[in-house]
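Undergrad: Here is a sequence together with a model predicted from it:
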Protein chains: 2
Amino acid sequence: MKGKPLASIVSAGLSKFGRLEGLYAREIFALAAKEAFERCPNLDPKKDIQALFIGHMGESYEHQGHTGATAADWTGLLPIPATRTECACASSGAALRAAIFAIASGLYDIVMVGGVEKMTNRTTPEVTEFLAMASDYPFEQWHGITFPGLYALMATAHMHKYGTTEEQMAMIAVKNHHNGFLNPKAHMQKEVTLEKALSSRIIAWPLKLYDCSLISDGASCIILTKPEIARKYTDTPIHIIGSGQGSDSIGIYERESLTSLAAAKFAAKQAYEMAGIENPMKEIDVAEVHDCFTIAEIIAYEDLGFCKPGEGGRLIEEGITTLDGSLPVNTSGGLKAKGHPVGATGTAQAYEIYLQLTGQAEKRQVENAEVGLTHNVGGSGATAVVHIYRRE
Amino acid sequence: MKGKPLASIVSAGLSKFGRLEGLYAREIFALAAKEAFERCPNLDPKKDIQALFIGHMGESYEHQGHTGATAADWTGLLPIPATRTECACASSGAALRAAIFAIASGLYDIVMVGGVEKMTNRTTPEVTEFLAMASDYPFEQWHGITFPGLYALMATAHMHKYGTTEEQMAMIAVKNHHNGFLNPKAHMQKEVTLEKALSSRIIAWPLKLYDCSLISDGASCIILTKPEIARKYTDTPIHIIGSGQGSDSIGIYERESLTSLAAAKFAAKQAYEMAGIENPMKEIDVAEVHDCFTIAEIIAYEDLGFCKPGEGGRLIEEGITTLDGSLPVNTSGGLKAKGHPVGATGTAQAYEIYLQLTGQAEKRQVENAEVGLTHNVGGSGATAVVHIYRRE
């Protein structure tokens, strides 16, 4: 049946994103879990939560893998099963799917899923190197290309093919910084002007400083139940009604197109079919998309069918995706302004949609939001995960 | 219903374990997948396989994460969803559970699950350091303790509490080397005498060289279907009838006991209950357990209820777990002799049980094996995964 709930969100938590000096990843995750636990007084975490999935991208930052067990320990959930998933920056998007499967299997009634990353303890060159592990070692990393470079290649291809402009990319930054300004948990709570974004220093042309997402510490989590019991824990359950994931070659040199992510289109198609969404622009009320670079948000509009290929730049220019537009995108500030603790991003997107659909998004609340979408990309697009959410 | 199949194995593949010079992890995984594909001619991998889960422990060995996508690419399975799981040395045990959930959810009919690790491209000190990332950074790694040291602490505690001897540990090595000698895919296909094992150089007392598992390259995979359709693909489906996973504090200093793994007992209890196993020693015909160090196999006997706490040493002394004993354990040679490419180990254990229950284990075949068990441990026991298998 189309649109049938796979699992339901009964609570969610998010740590502050930013430089969280002196805190280990496990401690940051506990902050997110604490909010989720406090938001849901009917739930006894130790008694009720039966399994944990956690997205975490890099063992290198803290010289620490085996994140599932530490996350379960620091949230008081031992001895339940706890598994880390890793799909680069889509690590917790993938964790969310694993948790949905666990619920839909009937083997578990209540599962916690989240993500975490500690990054600011490292220098920018170190972080750049660790992130690059999500690109192809023999054919990309070895030749010195990093993620800003890979996305710059996509940006120039998009400019060449469709006439997308640097101004349009900068408008994404302006929009997301405005939204981040309204989000007390965002890493960068400040507005940026078009002029400032356009004149910021070049990282990898055409991408400038303000076209790039942030290196942040942070964690996110949500608590899922099987739909039938969600009302035991909350009056405002949010149902997940579509879930899709796709994969592509890790090296962009092998792909058919540089201006679109095949994995994201595949993931969106699955999620839309499952949810019974036929016209995303009409049926989706609010979306969080993976703006690791501004060009990525423009490409996301197209891959998600919000507009035709090549029209992503027009969408932002016409203000359609701003907070007061007809389809607000990245109301949280996105990876651009909220921050991008990579492993935490997928379920942080779900957290924002949870707030929006339950009317808790405060200054950035979208009126009457009923259906939401998240789009979480790993690396340069070798993984993409799309979920659709509906308020009851 | 107890013993109801959760998912069914219709095929399986394993690369040679050992030093696979010049091959990347992705290529090694493709070798395992090739065997699984060839073993199952009724399956069209590209058309039929709908999702992939892969256990992979360390991004550091090849400076390469994002293993799901590369594994899907190198096995011709793009654009299906592909997710890496990491629970240290139990990474592919955890992947197997994620795959079971995906099947049991009804969302997928056919899923591939496996594991891989490339390790021999690094020096032993590097490998020791990378493996240590699965122990606690602030309270273990930082103080210089590595896995041989952690397991040596458990061994001495076991000797002190129960009188377990160095000879009993060496007997585990002798048994597993004998089995590995019979396994053409084992890293070490050679017998070892009790004298040689006992006189090998000390790594971390009481553990000597022959008490330690091997640093190997290797990959493993199995193909799972929902039970109802398994017969379309094979005449000998192996049903998974129990699945359990548990977690514990990552640092052994925080645990109640050093002579038992709470996570393994928790996992076994779940798996036995699901499978309806009441007397493991009577009902299990063959088992693969996580002998990363010989003491770990002795502790596994006890945690799995093959004997009472403290009697693990007696079990090996009485020959009960040898190939011609009443409950043969690690017929593959185990991590000790077959090798331990960490991410591959969980599904490599499942591969061996698949061979045993389908009568394909050749010189190491256990007569009339009907019910099998795998026991896969992450790190020093912060994760443990147990599965029960039954021939149709």
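TA: Received, thanks. Numbering: from 1, shown residues only, chains lettered A, B, ... in the order given.

Undergrad: what's the burial count for residue A:191?
TA: 14 (other C-beta atoms under 10 Å in any protein chain shown). The way it works is simple: take the backbone N, C-alpha and C, and place the C-beta from them, glycine included.

Undergrad: so which strand or helix has residue A:339?
TA: Under the criterion DSSP states H and E, no helix or strand holds residue A:339.

Undergrad: List the contacts of it.
TA: A:17-18, A:186-188, A:213-214, A:216, A:218, A:333 (C-beta atoms under 8 Å, 6 or more residues apart in numbering or on different chains).

Undergrad: change it to 7 Å
TA: By C-beta atoms under 7 Å, 6 or more residues apart in numbering or on different chains, the contact set of residue A:339 is A:17-18, A:186-187, A:214, A:216, A:218.

Undergrad: Counting neighbours, which of those comes out on top?
TA: residue A:218 (33 neighbours).

Undergrad: Quick check: the gap between residue A:304 and residue B:219.
TA: 35 Å (C-beta to C-beta, to the nearest Å).

Undergrad: Looking at those two, which is more packed in?
TA: Counted by other C-beta under 10 Å, residue A:304 and residue B:219 do not tie: residue B:219 has more neighbours, with 36 against 25.

Undergrad: Briefly note if whichever strand or helix holds the more buried one comes near chain A.
TA: Element membership for residue B:219 (DSSP H and E) is strand B:218-225. No: using C-beta under 7 Å from any C-beta of the partner chain, strand B:218-225 stays clear of chain A, coming no nearer than 12.5 Å.

Undergrad: avg pLDDT for that strand?
TA: Averaging pLDDT along strand B:218-225 gives 98.

Undergrad: who does it touch, helix- and strand-wise?
TA: strand B:7-14, helix B:25-38, helix B:91-104, strand B:110-117, helix B:345-357 (3 or more C-beta pairs under 7 Å, 6 or more residues apart in numbering or on different chains; DSSP states H and E).

Undergrad: can you list the contacts of residue A:339 in CSV and add secondary structure?
TA: Shown next, in CSV, are those (DSSP: H, G, I helix; E, B strand; the rest coil):
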residue, secondary structure
A:17, coil
A:18, strand
A:186, coil
A:187, coil
A:214, coil
A:216, coil
A:218, strand
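
Undergrad: can you redo those residues as a markdown table with distance to residue A:36?
TA: Shown next, in a markdown table, are those (distance: C-beta to C-beta, whole Å):
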| residue | distance to residue A:36 |
| --- | --- |
| A:17 | 16 |
| A:18 | 19 |
| A:186 | 19 |
| A:187 | 20 |
| A:214 | 23 |
| A:216 | 19 |
| A:218 | 14 |
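
Undergrad: hmm, back to that, between the helices and strands packed on strand B:218-225, which one is closest to chain A.
TA: Proximity to chain A (C-beta to the nearest C-beta) singles out helix B:91-104 among these, at 3.6 Å.

Undergrad: contacting residues around the closest one?
TA: Contacts for helix B:91-104 (C-beta under 7 Å, 6+ apart): A:83, A:98, A:101-102, A:105-107, B:6-7, B:51, B:53-57, B:83, B:85, B:87, B:108, B:111, B:113-115, B:220, B:224, B:226, B:240, B:243, B:245, B:342-347, B:350, B:376, B:385, B:387.

Undergrad: May I see the PyMOL selection of the buried members of those residues?
TA: Applied in PyMOL, the following selects the buried portion of these according to 16 or more other C-beta atoms under 10 Å in any protein chain shown:
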select buried, (chain A and resi 83+98+101+102+105+107) or (chain B and resi 6+7+51+53+54+55+56+57+83+85+87+108+111+113+114+115+220+224+226+240+243+245+342+343+344+345+346+347+350+376+385+387)
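
Undergrad: For residue A:310, the count of nearby residues, please.
TA: With other C-beta under 10 Å as criterion, residue A:310 counts 16.

Undergrad: Can you tell me how far it is from chain B?
TA: 22 Å (C-beta to the nearest C-beta, to the nearest Å).

Undergrad: Mind pulling the model confidence for the closest residue to that residue other than its chain neighbours?
TA: Counting by C-beta to C-beta, 6 or more residues apart in numbering or on different chains, residue A:162 is the residue found nearest to residue A:310 once chain neighbours are left out, at 3.5 Å. For residue A:162, the pLDDT comes out at 98.

Undergrad: Residue A:1 too?
TA: In this prediction, residue A:1 has a pLDDT value of 52.

Undergrad: now the helices and strands packed on strand B:218-225 in TSV, with mean pLDDT?
TA: Below are the helices and strands packed on strand B:218-225 laid out as TSV (pLDDT from 0 to 100):
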stretch	mean pLDDT
strand B:7-14	98
helix B:25-38	98
helix B:91-104	98
strand B:110-117	98
helix B:345-357	98
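
Undergrad: Would you format the ones you listed as TSV with distance to residue A:120 included?
TA: What follows is the helices and strands packed on strand B:218-225, written out as TSV (distance: least, C-beta to C-beta, whole Å):
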stretch	distance to residue A:120
strand B:7-14	42
helix B:25-38	30
helix B:91-104	27
strand B:110-117	30
helix B:345-357	34
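
Undergrad: ok, now how distant is the residue most central in space within chain A from chain B?
TA: When C-alpha atoms, centre = their mean is applied to chain A, the residue found nearest the centroid is residue A:346 (3.4 Å). Per C-beta to the nearest C-beta, residue A:346 is found 12 Å from chain B.

Undergrad: I'd say that residue and residue A:115 touch.
TA: Yes: using C-beta atoms under 7 Å, residue A:346 is in contact with residue A:115, at 5.8 Å.

Undergrad: so what sits against both of those two?
TA: Common neighbours of residue A:346 and residue A:115 (C-beta under 7 Å, 6+ apart) are A:55, A:91-92, A:95.

Undergrad: For these, pick the one with the most neighbours.
TA: residue A:92 leads the shared contacts of residue A:346 and residue A:115 on contacts (other C-beta under 10 Å) with 39 neighbours.

Undergrad: Would you check that residue A:82 makes contact with residue A:71?
TA: Yes: Residue A:82 lies in contact with residue A:71 (C-beta under 7 Å); the separation is 6.1 Å.

Undergrad: Identify the contacts common to the two.
TA: Joint contacts of residue A:82 and residue A:71 (C-beta under 7 Å, 6+ apart) are A:52, A:54.

Undergrad: so how far is chain B from residue A:244?
TA: 8 Å.

Undergrad: Now do the same for that residue: helix, strand or coil?
TA: strand.

Undergrad: contacting residues for residue A:56?
TA: Counted by C-beta under 7 Å, 6+ apart, residue A:56 has contacts A:67, A:84, A:86, A:91, A:115-117, A:343.

Undergrad: Can you tell me which of those is closest to residue B:157?
TA: Relative to residue B:157, the closest of the contacts of residue A:56 is residue A:67; by C-beta to C-beta it sits at 27.0 Å.
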